[in-house]
Structures are given as structure tokens and as C-alpha cells.
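> how would this look folded up:
(2 chains)
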Amino acid sequence: MTTIVEFEAGAPHGAAPSPALTTKGLTKRFRGGQVAVDAVDLSVPRGSVYGFLGPNGSGKTTTIRMLLGLVAPTDGEYTMPPLAGVGALVEGPAFYPYLSGEANLHRLDAADPTASGRTARARVGQALDRVGLSAAAGKRFRNYSLGMRQRLAIAAALLGPRELLVLDEPTNGLDPQGTREVRTLVKEIAQEGTTVFVSSHLLAEVEQMCTHAGIMRTGKLVAQGTIASLSGGRAARIRIETPDVADAARVLGALGLADVRAGGDVTAELGGHAPESVNAALVGEGVAVRGLSVVRPSLEDVFVGLTGEGFDVDG
Amino acid sequence: MSTADTDTRRTPGLVPVAETRRSAEHGPLAPETLVPAAPTSAPGAFWRLLSSELSLTFRRPRNLVMLGVLALVPVAFGVVLRLMTGEDADGPMAALLEATAANSLMLTFASLSILVPMLLPIVVSVVAGDSIAGEAATGTLRYLLAAPAGRGRLLAVKYLNAALFGLAATLVVTLTALAVGMLLFPVGPVTLLSGSTISVADGLLRVAVAVGYVAAGMAALAAVGVAISTMTEMPIGAIATTFVLIVVVTVLRAVPQLDAVQPFLLPSHWGGFDAALRSPVGDMSGGLLAFAAYIGLFYSIAWARFSGKDITS
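Numbering: from 1, shown residues only, chains lettered A, B, ... in the order given. All right, here's what the predicted structure looks like:
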């Protein structure tokens, strides 16, 4: 699995907007020879919410660390907005435990050379408000719950005007309520025109939140494209519930459907066939059709198909 | 913009990363997307980060406790000397006792000579050793650099902070000693080590010279501490290493066979502040040159290490 499967966006309408983030052959080989990231070519369209998917240890965080200038690439190059226009959450929240949430944000803001000290108070207030931490602004970080810490990290990523937001596992450690809030927040941010690059090992999350996705496996990018094209890139299957399994399989085969599988049900790749005509053919041959459905593959099926491994769905 | 198709940005200290924007490849772009807007630094950005660093350092309870302990030494020392003035003292303390009893300003020099060989360097190595390693341990280093603080700027701020903390520690000792000295001992013309007498104002000036010299010595130690701090993600390790180095060097200095290397050892020069007590003021250039050499060497080591380091903490 070394070739990258590119799923092109469906309808070509005019010139595609320039990508907000691209990498070309981005590679990181750590001392000791371990290749954490292997010639990754990302293309993150401007204004998209890009899900960077992959199991734990597949090279997502190392890629993000390279983009943020924390780790030097062994090879390859990347294009992205200047770091001052990039908000980032990397590998969980990290703050000074003895400072309040507000003081922590002021500290990070002071580290950004493009941020003005005069507007700091207002921007910190806005960022805290945005993640619903205004009431806990004066509380020491030490006393924050896991969810509050995660939210403070997102607030830190929203301190200034951002062209690109890089969020590494933003819902880690959040309860379902918090997860939903983060999803809503990400959608809002994207609507304002900020490109969001969000890494996750949770497929469902990416499917709900993202417009695009890239799938990593053992350091390699194995697929990328729009969610729709990724999910639709694989053939839809027709599934027939019937007691006459053998007959149904024979009819489907005769119709020219590929990959006919007979088990409890009979399934086959639908291809270009209309489901209603398949049904008519089955009934015409005397097969008792109790149920008929078309199964379109989910992102998870795509992932399993591409990588041959299961996903850490429970997180 | 037609001539500026390729914009190469060098991430400070990292392998140069070419940021290529070939408009021919991507078709017509919106004007603002052609070349990333050069990040313009807000005025005073460096001072803003330095003042943030200083307020972090001087608000941290641990550091305040250390400064408090330093302040206690001249207080305790002054009180003990005051109680002993009635008695007939002899031994090594006699001269110091006599000088201090005779003049309040001498308590400052007496306190510095007690603290400069060991306690003051320990306090400075805590802050210097913690500088980078402490940020790495809490994970805040990655956020500071992604902010983006800039590696060169962050290292400069961290070093200046440690050096200024050394100055503050020296000042705490000196000012406490001055206050306690003036409270407990007579204020008047100062008799110098060389026997001549100077006015109180001249005496205070000489105290200031001593403070400057000691602070410069601590700034040299801070460079060593910051350099060690760039090599680990464990602040305790960096602090302990700096501290152990001081102890080892101090022990080495006691070995007569190693006299030849004495001038190259940092602690050999820390005691040179007593040149301020001679008339005319003694030659401090040897010590100051050594401090400058240590700062130059160890700051370069720190930069060499920090600029290319992969931040995986």
C-alpha cells in the first residue's frame, strides 16, 4: 500500500481554490532509523475542515509537529500560512499549573510577536468566552477539569485572527456534551473562513465534522479527498434478504454483478445497475425477495479496505 | 508579485524549508494568497515576552522562597555579629568582625563573601536550569514555539531572565545587608582593606561596583545553566547538573596540583568583587573577561543545541 489513492472532488466548478496547506514528500526519520512520517503529500483546501485520520502511532502528531516547526523534516517541504496566523493544539493541553486560565492565555499571547499587548485583554476575553470558560477565567489551571483544560487549549488556538487552525485530537478526554460543543465550534470557525486541520483517530467524529479527510497508516498517507468522494469511492453493494440464497446468487451473477457473496444474505457490487431492475430480475426468476437494500460504504469501510486493519473506535 | 513566485521561509534554526508558491501550478490566486503576508512584529514584542517571563519568575513561590532565604543570611549574620561585638573574638572571624563592627557597609561585603561561593550560585542555577527544561517538562515549550515565540527570541528571553534573576538575588542580599548593617552598626567613613578611609557615598559606590561584578559572575553561571537546560526535558536534572558542576569545580580548586587550571574555572573569579574594597579599586578585568568568555561560549552551546532540537516534549 504505497500508492496514494486520490479521490477527486466531484463537480469541477471553475478553478479550485489554492490549498491552505500542502506538503510535498514530507518525511521524518528519527535517530535510530524509525520512519515516523514517510513522504506525505497533503493538500488541504482553503476553507475546508480536513480530518487527518489514522490509528494512534501512524505519524499524525509528528506531521503536525513538523508543520509547526517543532520537529525538523528529514526531507520534503511544506507550504502554509505564517505561524502567527495559525492556531494550534498539539498533543493535548499544556499550561502553567500555578497560573489562572486567563494568565496562561496572556502568557501565550505575549509569545506571539505579531500580537499587540494593547488588544490582549480583549482577545483573551473573547477566546475564553468562545469556549465557555469566562466564569473560570480566574481559576488556576491546576484546578481545571480535563474538559476545561481541553477547552482552554482551544481558546489559546483562537487568540488571534487565524487563517489555519491545527487541532490535534481536540475531543480527547471530553464527555459527549463537550465533544458536541467542540464539533459545533469547529463548524462555526470554518464558516468564518478559517481552514481547520483536525487530527483524530475517531472515524465517526471526522465523518460528522469534516468536509475532507486524509488517512494515515504507518507513516504514509494512504488516501485523501472529500468525505463524500472517500466514502463513495468504493462501490455500493446490493444486499438481498432471501431464503433462496443459491438462486439469488445465480441470478445476480447472470446479471453481471461483480463480487457476489452468498452467506445469510446475498450481496454483490451494484455497479451501474439500478436496484429496481435487479429486483425485477430476481422476482422474475422466482426468487423470494424479503428485503432489498443498497449499502453505501462508510468511511470506516473505506479505511478498513485501505489499511486492512480495524480502528480504535472506542478511543 | 510576478517576480516573487517563490518565497522561501527559513524556520529559525531548522533545516530551511522552502515555501513554494508557484502561481503557474495553482492557477490564478486571490492577491492575498500569493505570498504569505510577512508577519509584522508588534512594537515592543521582545519586551512583552521578557516582561511576561520576568513576572512568571518573580511570582513563582519557589523563587520567592529562595530570595527570602538569601535575605535571611545577612539578617542572621548581622544579628550574630552584633551580639558578639562585646566579646573578645579571635580566629578567622576576628578581622571580619572588627571591620563590620566598625562600619555598617562592611556587612554587605561580609554577606556577599559568605553567599557568593555556594548559596547564590545554587539559587541562580535553579532558575537557569529550569529555563528551557521546565517548559519542556510542562509541555508549554511546544505551545510557546508554535505561538510562534521564535527559538532565538525565546532563548534570549530565557537567558536574560536568568541573568536578571541573578542580579535580583545579588541585590536582595546587598540591600538587606545594607539595611541591617545601618540598623545595627555605626554609619560613617569606611576603612578599606588597604587601610585608607573613604566617605559613605564612596563606600556605597563601591558596593554598587561589587554588586555589578557579582551579578556578572552569576550571569556567566546562568549561561552554563541555560545551556544544560537545553539538553534535557527534566528541570531537576538540569538544575542538579549545574549544581554538581559548581561543587566539583569548587573541590577541584582545593587541589594544589590543579592550580594551573584555576584561571579557567568560573568559581575562581566569583570572589573578585573584593577588589572594590581596595584603594584604588583593584583590577576586575580578568574576572569580567572570564565571565564574558563563559557567557559567549555557553550561550553558543545553548543556541547550537536549542536551534536544531526536535521538540518532542
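> low-confidence ranges, the stretch 51-200 of chain B, go.
Flagging of the stretch 51-200 of chain B using pLDDT under 70 yields the residue ranges B:86-97.
> in it, mark out all the strands, start to finish.
For the stretch 51-200 of chain B, strands defined by DSSP state E, counting those that start in this stretch occupy the ranges B:190-191, B:197-198.
> and for the stretch 151-300 of chain A?
Going by DSSP E, counting those that start in this stretch, the stretch 151-300 of chain A shows strands at A:164-168, A:195-200, A:212-217, A:220-226, A:237-241, A:261-262, A:266-269, A:291-295.
> tell me the mean pLDDT for the fourth one?
The average pLDDT within strand A:220-226 is 91.
> who does it pair up with?
strand A:5-6 (parallel), strand A:212-217 (antiparallel) (DSSP bridges).
> tell me which of these sits most buried.
strand A:212-217 (a mean of 26; mean count of other C-beta atoms under 10 Å in any protein chain shown). Every residue, glycine included, has its C-beta placed from N, CA and C.
> tell me what angle that one forms with strand A:195-200.
40 degrees (axes from the mean of the first three to the mean of the last three C-alpha atoms, to 10 degrees).
> list the contacts of strand A:212-217.
A:1, A:40, A:42, A:44-45, A:48-55, A:58-60, A:63, A:206, A:221-227, A:230, A:299, A:302-303, A:306-307, A:309 (C-beta atoms under 8 Å, 6 or more residues apart in numbering or on different chains).
> where helices are concerned, which of these count?
Members of the contacts of strand A:212-217 lying in helices (criterion: DSSP state H): A:60, A:63, A:206, A:227, A:230, A:299, A:302, A:303, A:306, A:307.
> for whichever residue of the stretch 151-300 of chain B sits closest to chain A, give me its contacts.
The stretch 151-300 of chain B approaches chain A most closely through residue B:153 (7.0 Å), counting by C-beta to the nearest C-beta. Counting by C-beta under 8 Å, 6+ apart, residue B:153 touches A:113, B:46, B:49.
> most neighbours among these, which one?
When neighbours are taken as other C-beta atoms under 10 Å in any protein chain shown, the top entry among these is residue B:49 (26 neighbours).
> my read: it touches residue B:157, true?
Yes: if you go by C-beta atoms under 8 Å, residue B:49 and residue B:157 touch, sitting 5.1 Å apart.
> can you tell me which residue of the stretch 1-150 of chain A sits closest to chain B?
Here the residue of the stretch 1-150 of chain A nearest chain B is residue A:94; by C-beta to the nearest C-beta that distance is 2.8 Å.
> residues in contact with the residue nearest to that residue when sequence neighbours are not counted?
In space, and not counting its chain neighbours, residue A:94 is closest to residue B:139: 2.8 Å by C-beta to C-beta, 6 or more residues apart in numbering or on different chains. Contacts for residue B:139 (C-beta under 8 Å, 6+ apart) come out as A:91, A:92, A:94, B:313.
> return the per-residue confidence for the second one.
With respect to pLDDT, residue A:92 has a value of 91.
> that one reaches residue A:172, doesn't it?
Yes: with contact defined as C-beta under 8 Å, residue A:92 counts as touching residue A:172 (6.4 Å).
> overlap in contacts of those two?
residue A:150.
> helices of the chain, start to end?
You didn't pick a chain, so chain A it is. A:60-67, A:101-111, A:120-130, A:146-157, A:176-191, A:203-209, A:227-232, A:245-255, A:275-284, A:299-307.
> oops, wrong one, chain B.
All helices of chain B, identified by DSSP H, fall at B:23-26, B:31-34, B:45-59, B:61-84, B:93-102, B:106-115, B:119-138, B:140-146, B:151-184, B:200-229, B:235-253, B:267-270, B:285-307.
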